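Student: what would the 3D arrangement of this be:
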Amino acid sequence: MLLAAALFFVILQAWWSLPGLVLYGIMHFQYGGSGTFQRPPRGEGKEATVADAAFVVLGILGLVLMIAGIAKRMAEVIQ
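Tutor: Residues are numbered from 1 along each chain as shown. Modelled structure (predicted):
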């Protein structure tokens, strides 16, 4: 899915979306793929850590960058 998204961003020439995809990918794979928030790596009922918060913040920042990159490209095309 991440490769398809990367190809999509390259085709659209939404370059700011690519770093966002990398950041989101770090969070996505750190938490085991599709169960991002359901299966954190700490497991065994342990409390959340600062690292968990950092990975989630990276993922959210990645999503914001992807959306901003697409919006920026759409604005360029419309003008």
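Student: packing partners for the top helix by length along the chain?
Tutor: Ranked by number of residues, the top helix in the chain under DSSP state H is helix 50-78. Secondary-structure packing of helix 50-78 (3 or more Cβ pairs under 8 Å, 6 or more residues apart in numbering; DSSP states H and E): helix 2-12, helix 17-30. Where you see a C-beta, it was placed from the backbone N, CA and C, and this is true even at glycine.
Student: okay, these, which one's buried deepest?
Tutor: Most buried of the helices and strands packed on helix 50-78 by mean neighbour count (mean count of other Cβ atoms under 10 Å) is helix 17-30; its value is a mean of 18.
Student: run through the chain and note the low-pLDDT ranges.
Tutor: Low-confidence regions of the chain, defined here as pLDDT under 70, cover residues 32-46, 48.
Student: tell me who's in contact with Ile26.
Tutor: By Cβ atoms under 8 Å, 6 or more residues apart in numbering, the contact list for Ile26 reads Phe55, Leu58, Gly59, Gly62.
Student: the last one: neighbouring residues, count only.
Tutor: Residue neighbour count, defined by other Cβ atoms under 10 Å, stands at 21 for Gly62.
Student: pretty sure it contacts Leu23?
Tutor: Yes. Using Cβ atoms under 8 Å, Gly62 is in contact with Leu23, at 3.2 Å.
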